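[1] Please work out how this folds:
(one chain, ligands or ions: 2)
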Amino acid sequence: MPDIVLDQVTRLYGKEVRAVSDLTLAIPDGSFTTLLGPSGCGKTTTLRMIAGLDMPTSGTIRIGDRFAFSLAEGVSLPPAKRGLGLVFQSYALWPHLTVAQNISFGLEVQKVPRAEARQRLEQVATALQIDGLLDRYTSELSGGQQQRVAIARVLVMKPSVLLLDEPLSNLDATLRMDMRAELKRLHQETEATIIYVTHDQLEALTMSTHIALMQAGELQQFAPPLEVYAQPANQFAADFLGNPRINLLEGRVARGVFHSAGLDLALPDAMPLPESAEVTLGLRAEEFRLHDTPGPARAPARVTTLLPTGSDWYYHVDMAGKSLIVRQNDAPHLRLGDTVHVEARPESYKIFGADGRALAGVP
Ligand SMILES: Nc1ncnc2c1ncn2[C@@H]1O[C@H](COP(=O)(O)OP(=O)(O)O)[C@@H](O)[C@H]1O
Ligand SMILES: [Mg+2]
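    Ligands and ions are numbered 1, 2, ... in the order given. Purely as a prediction, here's the structure:
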């Protein structure tokens, strides 16, 4: 199955709403590409245009070497001709059919031989842990079970491209974890291209091969997950990925040193920055060391909150009136009100200019 290429795709609703704005994106064949961003940023609209359920106002969409949508070429392939499988956030199962009948319906329509259909049904039901429910009516299932039936119904058709719009949103936390692992495994096994929509940054980080991060209808960054995390293209990307949120410090660069209230950090030589620039420095919670003693490149701070998570500890520290979140994975000997000396790892600095764009980052 070929790449899916969106070229300058815009979708307007009326005159006011730019749901998707000038989106250019090449989704690689076989990738697990996640459209990630806050609610209302245009993810569903993008997915619906790829599926053929909605049409761009301008721009083209290609699936492989043929147009799925192009005004100039007069092409707009109907959904059924695009070879895609769809699972939407609101899924409709047939309440008067059993789970097995719901999942097998498409196979019957395609006249897949009975024995093969049965085998495919059992395979996907086992993978999604609904093999014990095959004879139930879907109206008797919990939300999470229904959601898995909806996914099974699409997977059983073995689509070469699978479009999923927030498919795990109705599941409880544990099941969501299981399903993430399951979807990732299915992707690795099937070689299908998966286009996945979520507003959940952790879901995107854990499952995807590529993340397309969107905000207000515009693409912010398209890269593998750990690249978006480590080298965010702008302040929005830095802030949207990662939990807890990245620490952002406003300051000024002078002679290779970042000056902020209470903190002076020498910047690595390799970091070319305009002199005297107003910048924002981004530092993630895991990118600090806390010391008991002062030292060069250490800034004093006061511990204001200590939050154990079981595996590690989140400290809130007050550094010259600015609250920072620091993550440590060794057991704390610090107490509230203690003074600590904060050091940041220079290789982890992310620096953004006044327009929010990354000026310099990790390697
Ligand atoms: N049918 C529609 N009519 C008018 N505005 C719409 C319609 N569908 C979506 N929008 C608007 O387009 C923007 C993007 O919506 P959507 O793609 O659903 O975002 P997301 O899936 O990222 O939450 C939002 O501002 C939404 O209100
Ligand atoms: Mg949506």
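[2] Do a quick rundown of the helices in the stretch 101-250 of the chain.
    Along the stretch 101-250 of the chain, counting by DSSP state H, counting those that start in this stretch, helices occupy 114-127, 143-155, 173-190, 201-207, 225-230, 235-240.
[3] Need the ones you listed in a markdown table (columns: mean neighbour count and mean pLDDT).
    Placement of C-beta: from N, CA and C, glycine included. Shown next, in a markdown table, are these (neighbours: other Cβ atoms under 10 Å; pLDDT from 0 to 100):
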| stretch | mean neighbour count | mean pLDDT |
| --- | --- | --- |
| helix 114-127 | 16 | 94 |
| helix 143-155 | 22 | 87 |
| helix 173-190 | 15 | 85 |
| helix 201-207 | 20 | 96 |
| helix 225-230 | 18 | 96 |
| helix 235-240 | 22 | 98 |
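[4] Quick one: residues contacting the residue nearest in space to the middle of the chain.
    The C-alpha lying nearest the average C-alpha coordinate of the chain belongs to residue 204 (Cα atoms, centre = their mean; 2.9 Å). Counting by Cβ atoms under 8 Å, 6 or more residues apart in numbering, residue 204 touches 34, 36, 196, 198, 211, 225, 241.
[5] redo that, cut-off 10 Å
    32-37, 196-198, 210-213, 225, 228-229, 240-241 (Cβ atoms under 10 Å, 6 or more residues apart in numbering).
[6] follow-up on the earlier one: please name whichever of the helices of the stretch 101-250 of the chain is nearest to residue 46.
    helix 201-207 (14.5 Å; Cβ to Cβ).
[7] As CSV, the helices of the stretch 101-250 of the chain with distance to residue 43 would be great.
    Listed next are the helices of the stretch 101-250 of the chain as CSV, based on distance: least, Cβ to Cβ, whole Å:
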stretch, distance to residue 43
helix 114-127, 26
helix 143-155, 18
helix 173-190, 17
helix 201-207, 11
helix 225-230, 15
helix 235-240, 13
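[8] neighbours of the residue lying closest to residue 323 once chain neighbours are set aside, just the number please.
    Closest residue to residue 323 apart from its sequence neighbours, by Cβ to Cβ, 6 or more residues apart in numbering: residue 316 at 5.7 Å. When counting by other Cβ atoms under 10 Å, one arrives at 17 neighbours for residue 316.
[9] Residue 281 touches residue 263, doesn't it?
    Yes: if you go by Cβ atoms under 10 Å, residue 281 and residue 263 touch, sitting 8.9 Å apart.
[10] Identify the contacts common to these two.
    With Cβ under 10 Å, 6+ apart, residue 281 and residue 263 have common neighbours 249, 251, 344.
[11] mind checking the end-to-end distance for stretch 168-178?
    10 Å (Cα to Cα, to the nearest Å).
[12] What residues does the stretch 1-150 of the chain have near ligand 1?
    13, 17, 19, 37, 39, 40, 41, 42, 43, 44, 45 (Cβ under 6 Å from any ligand atom).
[13] Which of the residues you listed fall in strands?
    Per DSSP state E, strands hold the following members of these: 13, 17, 19.
[14] ok, whatever residue of the stretch 251-363 of the chain ends up closest to ligand 1 to residue 267 distance?
    Relative to ligand 1, the nearest point of the stretch 251-363 of the chain is residue 356 (20.2 Å; Cβ to the nearest ligand atom). Here residue 356 is placed at a distance of 19 Å from residue 267 (Cβ to Cβ, to the nearest Å).
[15] neighbour-wise, which of these two wins?
    A side-by-side neighbour count of residue 356 and residue 267, using other Cβ under 10 Å, places residue 267 first with 19 against 15.
[16] so of the shared contacts of residue 281 and residue 263, which ones are in strands?
    Using DSSP E, the subset of those located in strands is 249, 251, 344.
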